[in-house]
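Trainee: coordinates only, sequence not included:
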């Protein structure tokens, strides 16, 4: 089936990209690029999943999450829950009253509402919904500190004017008045984006350390959000599964890559010259994680 034929069937049946993503397990961003012809060589498994739905099989996807199935020789069946949305335990403020905030319908909160919250509330605003963030534990903080130190030393040693910042720092994307996120690590190449209240505009690099109650949001919601906002590279470290998941949005084929926490990982933003020590991250997890 050609891309043109896929587009015709998609339009005739009124599929949205969100629906196709639910049915196939393929991220929305990847689907958009495939149907637009921006991805020159889509993976066969990806096309097969799309064709299966377009040919009439609309059973909701319940296999391994796409990010892990397509790019690793290692099987991660535990991600089935994340793909199906079953492990999402994040507390959404949208349908509840919030101290100091006028109650609104979920999806209607804005950055003004976000900044009116008490400073002691650790929350994110995504597409008009407020999400509670758990206070990070020691393993999370040690991994974050290790990555920050690695990046910080690299840019100082090479006299690079980029700025690396660790959480908590607010990031608001240009033209989006319903989203403020708090990534674990960001790299900003344009220093003009750094303001007193936070970062205004897309960072060039974002890293998130996945927690059990934010897995689905980090893996699916934020990957789409970051790609559309103009982030160049997005990494996720999952201490529970001991893997690193990466998106290089600078590539034409925006396909996630998953690797075990072994050896070194080259950061694409710096053409592979900056390397993360995955063995050290793995050591922290083995020693201190429950």
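Mentor: Arrived safely. Just so you know, these numbers come straight off a predicted model, no measurement behind them.

Trainee: Residue 146: neighbouring residues, count only.
Mentor: Residue 146 has 16 neighbours, counted by other C-beta atoms under 10 Å. For every residue, glycine as well, the C-beta is placed using N, CA and C.

Trainee: what does the one 3 residues further on give?
Mentor: Taking other C-beta under 10 Å as the neighbour definition, residue 149 ends up with a count of 12.

Trainee: List the buried residues in whichever strand or helix holds it.
Mentor: Per DSSP states H and E: residue 149 is located in helix 138-157. Residues 139-144, 146-148, 150-152, 154-155 are the ones in helix 138-157 that count as buried (16 or more other C-beta atoms under 10 Å).

Trainee: out of the residues you listed, who's nearest residue 239?
Mentor: Nearest to residue 239 out of those is residue 139 (C-beta to C-beta; 5.6 Å).

Trainee: And the average pLDDT for the next helix or strand along the chain from the helix holding residue 149 is what?
Mentor: Counting by DSSP H and E, the next helix or strand C-terminal to helix 138-157 is strand 163-166. The pLDDT scores in strand 163-166 average 96.

Trainee: returning to that earlier point: what comes into contact with the helix holding residue 149?
Mentor: Contact with helix 138-157 is made by 136, 160-162, 164, 166-167, 184-185, 187, 207, 209, 211, 237, 239, 267, 270, 273-274, 276-277, 280-281, 284-285, 288-289, as judged by C-beta atoms under 8 Å, 6 or more residues apart in numbering.

Trainee: ok so, going back, Serialize the buried residues of helix 138-157 to CSV and add fields for distance to residue 27 and pLDDT.
Mentor: Output for those, formatted as CSV (distance: C-beta to C-beta, whole Å; pLDDT from 0 to 100):
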residue, distance to residue 27, pLDDT
139, 27, 95
140, 24, 95
141, 29, 95
142, 29, 96
143, 24, 97
144, 25, 96
146, 28, 97
147, 24, 97
148, 27, 97
150, 28, 97
151, 26, 97
152, 31, 97
154, 29, 97
155, 30, 96
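
Trainee: hmm, which two among these are most spread apart?
Mentor: Based on C-beta to C-beta, the longest span within the buried residues of helix 138-157 runs between 139 and 155 and measures 25.1 Å.

Trainee: Start and end of stretch 198-210, how far apart?
Mentor: 22 Å (C-alpha to C-alpha, to the nearest Å).

Trainee: gap between it and the chain center?
Mentor: How far stretch 198-210 lies from its chain's middle: 10 Å, per C-alpha atoms, centre = their mean, to the nearest Å.

Trainee: and if you look at stretch 254-270?
Mentor: Distance of stretch 254-270 from the chain centroid (C-alpha atoms, centre = their mean) equals 14 Å.

Trainee: swap in stretch 18-38?
Mentor: Averaging C-alpha positions (C-alpha atoms, centre = their mean) puts stretch 18-38 16 Å from its chain's average.

Trainee: Kindly state the beta-bridge partners for residue 246.
Mentor: Bridge pairing for residue 246 (DSSP bridges) gives the partners residue 235, residue 257.

Trainee: what residues are up against it?
Mentor: 233-236, 256-259, 265, 268.

Trainee: switch to 7 Å and redo it
Mentor: 235, 256-257 (C-beta atoms under 7 Å, 6 or more residues apart in numbering).

Trainee: For it, give its distance to residue 265.
Mentor: For residue 246, the distance to residue 265 (C-beta to C-beta, to the nearest Å) stands at 8 Å.

Trainee: pLDDT weak spots in the stretch 101-250 of the chain?
Mentor: 101-102, 118, 120 (pLDDT under 70).

Trainee: which residue ranges form the helices in it?
Mentor: Taking DSSP state H, counting those that start in this stretch to define them, one finds helices in the stretch 101-250 of the chain at 111-116, 138-157, 215-216, 222-229.

Trainee: Torsion angles phi and psi at residue 201?
Mentor: Backbone dihedrals for residue 201, given as degrees, to the nearest 10, come out at phi 120, psi 170.

Trainee: Surely it and residue 195 touch.
Mentor: No: at 9.5 Å, residue 201 does not count as touching residue 195 under the criterion of C-beta atoms under 7 Å.
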